[in-house]
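Undergrad: My questions concern the predicted model and sequence given below.
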Amino acid sequence: MMLQKIKSLSEKYSSEIIEIRQHLHENPELSFCEFKTCEFIIEKLKEFNVKKISKIAGTGVVATIEGKNPASKVIALRADIDALPIIEKNDISYKSKNNGVMHACGHDVHTSSLLGVAKILSELKDEFNGSVKLIFQPAEEKLPGGAIKMLEEGVLKNPIPEIIITQHVDPALVVGTLGFKSGMYMASTDEIYLTVRGKGGHAAMPHEINDTVLSAAQIITSLQQVVSRKAKAAIPTVLSFGKIIGSGATNIIPEEVKIEGTFRTMNEIWRKEALKLIEHIAETTAEAMGTTCEVLIMNGYPALINDENLTEKAKKIAKEFIGKENVKDLEIRMTAEDFSYFTNSKPGILYRLGVRNDEKGVVSPLHSSTFNIDEKSLEIGVGYMAYLTVSLL
């Protein structure tokens, strides 16, 4: 029976996959700089007897495993491979050797899991029909993202997959569980950069200057109406500003104040309307305060929508693999993922792998300096993705 065979193999290779994960965790690389990671992935794929391997998008890797009747159906599996600019504070034997760079979003888990899937499917290729395309994507963490670059270079061509699947760690889910959300799941993301300019000068003589700091404060306050008064209540929307730089002093009003923030939503029509509104409110508010505001908007990833039919199939298969009680329903979230470019091209799904263990103190959130996982999750992540793939072929 294929289910038991895959479970047996994922258990058999779990120690090896943990070693791979720890190697990746110890040697993280930033977006579009994953040179050693790329070479390590290729080395492992060759070791696992995967034949069709090529580099793509600079530091990305794409490979294909052909089963019986390889053209009958093609499924793509994707893992992101880049790390974050974070100083790791974990006290572990495989702590990051690259100071200031850390796998704090689980991409080491995603990559090692997909390598584990490659090992199992390569071993079982005479027992399933179709082909599996393996996509190791660079630069998920940095705009414009590696997904769009891979698509531009034809990652979903020759062979063309019918569907695409990825998994992502979730420190809110306990190890031994999987999480799913059908339909609208993750937000679009755009970066907002505002530069307020005016006549600076002595803070004790405000009548002789244009107060850029006060103007910046008013702009931030005025922009809150984009969410509170302009967005439809049924459309999830977030506008937040997390950085303000005004290099003045207690008695100096600067000539320039910079503001940086993020806009996120789950409706592409409203997204375009809101960005125009942000620009208009920022400029007119600045003008009313006697200053100017330069608005720069860097468009990021689109909203991620999981294919409903595929999600229901994946949930059913997950219940077979780990039991109904261990399959969880997820809520929408306002974080973003450039896997959305893939799901805009093909029916796809991003599901979540539980990695939390309260007893071991493995509870830190993503993008934190102490993020880690219960490595028992790797056996589940590898096994389920391999079984899901074979079941859908």
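TA: Yep, that arrived. Residues are numbered from 1 along each chain as shown.
Undergrad: What sits closest to M385 if chain neighbours are left out?
TA: Nearest non-adjacent residue to M385, counting by C-beta to C-beta, 6 or more residues apart in numbering: V117, 4.9 Å away. In short, each C-beta sits where N, CA and C put it, glycine included.
Undergrad: typo on my end, it should be L9
TA: That would be I120: by C-beta to C-beta, 6+ apart, it lies 4.8 Å from L9.
Undergrad: I figured the one you found hits S10, correct?
TA: Yes - applying C-beta atoms under 8 Å, one finds I120 in contact with S10, separated by 6.6 Å.
Undergrad: and for these two, which residues touch both?
TA: V382, G383, A386 (C-beta atoms under 8 Å, 6 or more residues apart in numbering).
Undergrad: Isn't the first one up against L121?
TA: No - under the criterion of C-beta under 8 Å, V382 is not in contact with L121, lying 10.3 Å apart.
Undergrad: name the element A216 belongs to?
TA: Element membership for A216, per DSSP states H and E: helix 212-223.
Undergrad: Please name every helix or strand in contact with that helix.
TA: Helix 212-223 is packed against strand 188-197, strand 237-245, strand 256-265, helix 268-288, with contacts defined by 3 or more C-beta pairs under 8 Å, 6 or more residues apart in numbering; DSSP states H and E.
Undergrad: and if we set it to 6 Å?
TA: Secondary-structure packing of helix 212-223 (3 or more C-beta pairs under 6 Å, 6 or more residues apart in numbering; DSSP states H and E): strand 188-197, strand 256-265, helix 268-288.
Undergrad: Could you save these as CSV and add columns showing distance to G300, mean neighbour count and mean pLDDT?
TA: Shown next, in CSV, are the helices and strands packed on helix 212-223 (distance: least, C-beta to C-beta, whole Å; neighbours: other C-beta atoms under 10 Å; pLDDT from 0 to 100):
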stretch, distance to G300, mean neighbour count, mean pLDDT
strand 188-197, 4, 21, 98
strand 256-265, 8, 21, 98
helix 268-288, 10, 16, 98
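Undergrad: okay, these in JSON lines with distance to H25 next?
TA: Shown next, in JSON lines, are the helices and strands packed on helix 212-223 (distance: least, C-beta to C-beta, whole Å):
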{"stretch": "strand 188-197", "distance to H25": "26"}
{"stretch": "strand 256-265", "distance to H25": "28"}
{"stretch": "helix 268-288", "distance to H25": "35"}
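Undergrad: leaving aside the residues next to it on the chain, what's closest to L115?
TA: K44 (5.2 Å).
Undergrad: So what would you say the end-to-end distance of stretch 332-349 is?
TA: One end of stretch 332-349 sits 14 Å from the other (C-alpha to C-alpha, to the nearest Å).
Undergrad: That stretch: which residues count as buried?
TA: Buried positions in stretch 332-349, judged by neighbour count with 16 or more other C-beta atoms under 10 Å: 333-334, 336-344, 346-349.
Undergrad: contact partners of stretch 61-73?
TA: 38, 41-42, 45, 50, 52-54, 56, 121-122, 125, 128-136, 155, 393 (C-beta atoms under 6 Å, 6 or more residues apart in numbering).
Undergrad: CA atoms of the helix holding A216 as PDB?
TA: This file holds the C-alpha atoms of helix 212-223, laid out as PDB (Å, rounded to 0.1, in the frame of the first residue of the first chain):
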ATOM      1  CA  THR A 212       7.500  68.800   8.300                       C
ATOM      2  CA  VAL A 213       7.200  66.700  11.500                       C
ATOM      3  CA  LEU A 214       3.600  68.000  12.100                       C
ATOM      4  CA  SER A 215       2.800  67.500   8.500                       C
ATOM      5  CA  ALA A 216       4.000  63.900   8.600                       C
ATOM      6  CA  ALA A 217       2.000  63.200  11.700                       C
ATOM      7  CA  GLN A 218      -1.100  64.600  10.100                       C
ATOM      8  CA  ILE A 219      -0.600  62.600   6.900                       C
ATOM      9  CA  ILE A 220      -0.300  59.300   8.900                       C
ATOM     10  CA  THR A 221      -3.500  60.200  10.800                       C
ATOM     11  CA  SER A 222      -5.400  61.200   7.600                       C
ATOM     12  CA  LEU A 223      -4.400  58.000   5.800                       C
END
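Undergrad: Contacts only, for M186.
TA: So M186 contacts L304, R333, A336, E337 (C-beta under 6 Å, 6+ apart).
Undergrad: How about it: which residues does it bridge to?
TA: The bridge-partner assignment for M186, based on DSSP bridges, gives L304, R333.
Undergrad: what's the spacing between it and D82?
TA: Remark: distance between M186 and D82 (C-beta to C-beta, to the nearest Å) = 18 Å.
Undergrad: just the contacts of M186 now: which is nearest A217?
TA: Nearest to A217 among those: A336, at 27.4 Å, using C-beta to C-beta.
Undergrad: Please report how far the closest one lies from E141.
TA: 10 Å.
Undergrad: Over to I56: give its phi and psi.
TA: Backbone geometry at I56, expressed as degrees, to the nearest 10, gives phi -150, psi 150.
Undergrad: Contacts only, for it.
TA: With C-beta under 6 Å, 6+ apart, I56 has these contacts: V62, M150, E153, V155.
Undergrad: swap in K89?
TA: S369, T370.
Undergrad: Shouldn't it be within a helix?
TA: No - the assignment for K89 (DSSP: H, G, I helix; E, B strand; the rest coil) gives coil, which keeps it out of a helix.
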